[in-house]
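Trainee: Below are the sequence and a predicted model for it; my questions follow.
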Amino acid sequence: AALTVRFLTRRFIGEYGDMEFIYSHNLTMDGREILFHIWDVPSSQQAEEGSLEEKRIQWADSFVLVYSICDRASFNILPLKIQFIKATKEGQSQEKVPIIIVGNKRDLHHQRVVSSEEGRLLALSLDCGFYEVSAAE
């Protein structure tokens, strides 16, 4: 949620509840108006492997999966999530689904437990994009 709010408002808020939200945002890029709908789902609600999770995946055109560089468990669940997304989304079409892996909390390098290289290698092995950022900065 912190990364989504930072993207939408350019402000950082450090604490969030455990709720999901759908945000809408207009952006002008290369002279074109782009409307984003962002379905922000907290990690605690991503554990579902049922129809709600499939509904979220079918709804989306692309995916940004965020983990904390200070939390190994948030990183370790990514391969299964990405496999589930690809099986659900690409199983219906031959088109590759855009997925980006984002390591957040780069500013907390002293608490890092997942290296940048691990993130890059995971993204490479799963054919995803990769960035490491700090919502706070």
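Mentor: Structure received.
Trainee: Find the nearest non-adjacent residue to Val102, please.
Mentor: Using Cβ to Cβ, 6 or more residues apart in numbering and skipping residues adjacent in sequence, the residue nearest Val102 is Val66, 4.7 Å away. C-beta: built from backbone N, CA, C; applies to glycine.
Trainee: how about the helix or strand that contains Ile57: buried residues?
Mentor: When elements are assigned from DSSP states H and E, Ile57 belongs to helix 51-59. Residues of helix 51-59 classed as buried under the neighbour-count rule (16 or more other Cβ atoms under 10 Å) are 53-54, 56-57.
Trainee: Residues contacting that helix, please?
Mentor: Contacts of helix 51-59 from elsewhere in the structure, counted by Cβ atoms under 8 Å, 6 or more residues apart in numbering, are 39, 41, 46, 63, 84-85, 88-89.
Trainee: Identify the residue with the minimum pLDDT among those.
Mentor: Lowest model confidence among the contacts of helix 51-59 falls on Gln46, which carries 49.
Trainee: outside of stretch 122-137, which residues touch it?
Mentor: Surrounding stretch 122-137, the residues in contact under the criterion Cβ under 8 Å, 6+ apart are 2-3, 5-6, 12, 14, 69, 75, 78-79, 82, 96, 98-108, 116, 119-120.
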